[in-house]
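# Pasting the sequence and the predicted coordinates here, then a few questions.
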Amino acid sequence: MAERGDGGRPVAFRGGGFSPRPLGIVGPLVFLAVIAVWEAGCRAGLIPPLVLPAPSEALAALAHLVETGLLWQHLGASLQRLVLGWTCGTLLGIAVGFSIGLFSLARAGLAPVVAAIFPIPKIALLPLFVVWFGIGEGSKVATILFGTFFPTVVATYGGVDNVDRSLIRMGQSFGLSWLSIVRKIILPGALPAILPGFRISAAIAIVLLVAAEMIGAEFGVGAYILLAGSLMALDELLAGVAILSVMGLTVNWLIARTERFLLRWRT
Amino acid sequence: MELRLAGLHHGYGDIEVLRGIDLDFPAGRIVCVVGPSGCGKSTMLRLIGGLERPERGEVVQTGEPPPGCLNPLTYIFQDFALLPWRTVEGNVRLVLEDHGFGRAEIAGIVDDVLTRTRLSEFRAAFPRQLSGGMKQRVAVARALAVSPAFLLMDEPLSALDAQTRELLLDDLVDLWARERFSAVYVTHNLREAVRLGHRVVVLSRRPGTVREVLKIDLPLDARAAHAGELETHRSRLWRLLRDEAQAADLELVDG
Ligand SMILES: Nc1ncnc2c1ncn2[C@@H]1O[C@H](COP(=O)(O)OP(=O)(O)O)[C@@H](O)[C@H]1O
Ligand SMILES: [Mg+2]
């Protein structure tokens, strides 16, 4: 360590690390590198096309989908199920979550039922829903609805439970009505717990969507992937998987935007 | 409007917290309540404001609240209790929204109290952007917005640093000089008690009983100039409290 004129030494710095910095370009670079290596491997014959087709072939399959207009048919069918199932499941989940959070009777009656059904992978119930709601749209939407309902209930009533009691007491001390307290204090106070629940339920919804579309669907990304798989058309299969990835990213992005907007009062 | 506590008893489970409290709170005066921590000061304030029901005894309100009063018993909390998702203005508006006022009327009241507490510049700020002292000023503005008959303050300055506390104490003295509000002011800080209190109630350690009520006749705005007299009162209060505080300190928390 360098001696200084006055005989003192600077104190060694030891406070670094443990705080990840955003490095914006690294992610896309890694992504492009993987694609490039993969493409090169396929062209050089190192990766047999029967095992894994080249990214360019998957892209061609995607282009074909766009040209024939089939993309919109598949995507439209999928998005319709996803939006319908997720929205209904989320709204019902928030309503039931609030009842459990606010009313002792609902808590005593419903919380154990929710706890019992929550851990069941809803895919296991898919055949049951086909019997109940038919092979058509009913069973698909019901599966997604059911899958998103439970995580939303759990996130919501956890959020309601965690609302700062002193804020509720403040509301009461100013004579606010019950409805005002719920709307203006409990709802916004629970939002930071409810919104991350949306990410989880959206991910679950996409999994269930694909699973549901593999049973008796004519259109839908899941149906397209299943068909491609059974025909060993791996390029089409990869195109389908890419569509799912983009779908997931878009949903996440939308939720992140919503979160940033609704929670802009936080640091 | 005046408040009277008659034979107030309260406890939690096996713990007796307050025992036989008889007190008067006159209109237009600040009554400070001091006592060792855990003696039931906050509990007493919750009982006074109707946030909890006493086990025995009652809190009696005599006379009518002043006209235009929206919330006769209004708290100012130690932790400010501002909604973090509402701006300064929104936090004040919150307590006016349930009273059937029109938009313009609410805006008028909000403007008025923000001016009176010198917060107009900060009306669009969120609580996280404010210092502790400013947050408590917002809470004071919110309380003034409902024109309370009594302010119930639970250690309103205890979460603040010493300098901010001094500034806010001066603000409260000014405010009282202008508005002559009635208040029950709970604190464990004897300097605050002798600066603000027309009377100082000394509670014993748990179970809290009234040990003494000290009257300080010096007008509030003259007190800064009579440091000597205040110090006499303060050291008298400290002698009363010292043994109680020491004994309370040695008790097991859930003993
Ligand atoms: N809701 C409650 N449940 C159980 N015990 C409580 C509750 N609130 C206060 N206590 C107990 O009552 C006693 C008095 O509390 P508190 O009124 O907060 O004292 P202070 O404000 O004088 O410090 C303490 O021993 C505390 O542990
Ligand atoms: Mg207290």
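Cool, the structure landed. Numbers count the residues shown, from 1 in each chain, chains lettered A, B, ... in the order given. Ligands and ions are numbered 1, 2, ... in the order given.

# For the chain, just list every one of the helices.
Here I'm looking at chain A. Along chain A, the stretches classed as helices by DSSP state H are A:26-43, A:55-68, A:70-102, A:104-117, A:126-133, A:137-161, A:165-173, A:178-180, A:187-213, A:221-230, A:234-262.

# actually it's chain B I care about, not the one you picked
B:41-48, B:88-94, B:103-116, B:132-145, B:162-179, B:190-196, B:227-250.

# near ligand 1 at all, the longest one?
No: among the residues of helix B:227-250, none lie within reach of ligand 1 under C-beta under 6 Å from any ligand atom; the closest is 9.3 Å away. Any C-beta I mention is one placed from the backbone N, CA and C, and that applies to glycine too.

# Give me the residues contacting that helix.
Contacts of helix B:227-250 with the rest of the structure, by C-beta atoms under 8 Å, 6 or more residues apart in numbering or on different chains, involve B:34-39, B:190-191, B:193-195, B:200, B:202, B:204-206, B:211-212, B:214, B:216, B:218, B:223.

# Contact partners for the nearest residue to B:Gly7 once chain neighbours are set aside?
The spatial neighbour of B:Gly7 that comes closest, neighbours along the chain excluded (C-beta to C-beta, 6 or more residues apart in numbering or on different chains), is B:Gly57 at 3.8 Å. For B:Gly57, the set of contacting residues under the criterion of C-beta under 8 Å, 6+ apart consists of B:Leu5, B:Ala6, B:Gly7, B:Leu8, B:His9, B:Gly20, B:Ile21.

# now B:Gly57: how far from chain A?
Applying C-beta to the nearest C-beta, to the nearest Å, the value for B:Gly57 to chain A is 21 Å.

# Distance-wise, check that residue relative to B:Leu23.
According to C-beta to C-beta, to the nearest Å, B:Gly57 and B:Leu23 sit 11 Å apart.

# Quick check: neighbours shared by these two?
Joint contacts of B:Gly57 and B:Leu23 (C-beta under 8 Å, 6+ apart) are B:Leu5.

# Just the contacts of B:Gly57: which are in strands?
Secondary structure assignment by DSSP state E places B:Leu5, B:Ala6, B:Gly7, B:Leu8, B:His9, B:Gly20, B:Ile21 of the contacts of B:Gly57 in strands.

# distance of the nearest residue to B:Ile30 once chain neighbours are set aside from ligand 1?
Using C-beta to C-beta, 6+ apart and skipping residues adjacent in sequence, the residue nearest B:Ile30 is B:Ala183, 4.6 Å away. With distances taken as C-beta to the nearest ligand atom, to the nearest Å, B:Ala183 is found 17 Å from ligand 1.

# residues contacting the closest residue to B:Glu58 other than its chain neighbours?
In space, and not counting its chain neighbours, B:Glu58 is closest to B:Ala6: 5.5 Å by C-beta to C-beta, 6+ apart. With contact taken as C-beta under 8 Å, 6+ apart, B:Ala6 is in contact with B:Asp22, B:Gly57, B:Glu58, B:Val59, B:Val60.

# so the fourth one makes contact with B:Ile48?
Looking back up the chat, that one is B:Val59. Yes: under the criterion of C-beta atoms under 8 Å, B:Val59 lies in contact with B:Ile48, with a separation of 5.4 Å.

# list residues touching both of these two?
Common neighbours of B:Val59 and B:Ile48, using C-beta under 8 Å, 6+ apart, are B:Leu3, B:Leu5.

# neighbour-wise, which of these two wins?
B:Ile48 (24 against 20; other C-beta atoms under 10 Å in any protein chain shown).

# Hmm, B:Arg4 and the more buried one touching each other?
No: in this structure, B:Ile48 sits apart from B:Arg4 without contact. The criterion is C-beta under 8 Å, and the distance is 10.2 Å.

# what sits in contact with each of these two?
Counting by C-beta under 8 Å, 6+ apart, the common neighbours of B:Ile48 and B:Arg4 are B:Val59.

# could I get stretch A:114-131 in PDB with only the CA atoms?
Taking only C-alpha atoms (Å, rounded to 0.1, in the frame of the first residue of the first chain), the coordinates of stretch A:114-131 have been written out as PDB:
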ATOM      1  CA  VAL A 114     -58.800 -22.200  -1.400                       C
ATOM      2  CA  ALA A 115     -55.800 -23.600   0.500                       C
ATOM      3  CA  ALA A 116     -56.900 -27.100  -0.500                       C
ATOM      4  CA  ILE A 117     -57.500 -26.400  -4.200                       C
ATOM      5  CA  PHE A 118     -54.600 -23.900  -4.700                       C
ATOM      6  CA  PRO A 119     -51.800 -26.500  -4.900                       C
ATOM      7  CA  ILE A 120     -53.600 -28.800  -7.400                       C
ATOM      8  CA  PRO A 121     -52.000 -28.400 -10.800                       C
ATOM      9  CA  LYS A 122     -55.100 -27.400 -12.800                       C
ATOM     10  CA  ILE A 123     -53.900 -29.400 -15.800                       C
ATOM     11  CA  ALA A 124     -55.000 -32.500 -13.900                       C
ATOM     12  CA  LEU A 125     -58.500 -31.100 -13.900                       C
ATOM     13  CA  LEU A 126     -58.600 -30.500 -17.600                       C
ATOM     14  CA  PRO A 127     -60.300 -33.800 -18.500                       C
ATOM     15  CA  LEU A 128     -62.900 -33.100 -15.800                       C
ATOM     16  CA  PHE A 129     -63.600 -29.700 -17.400                       C
ATOM     17  CA  VAL A 130     -63.900 -31.300 -20.800                       C
ATOM     18  CA  VAL A 131     -66.600 -33.600 -19.300                       C
END
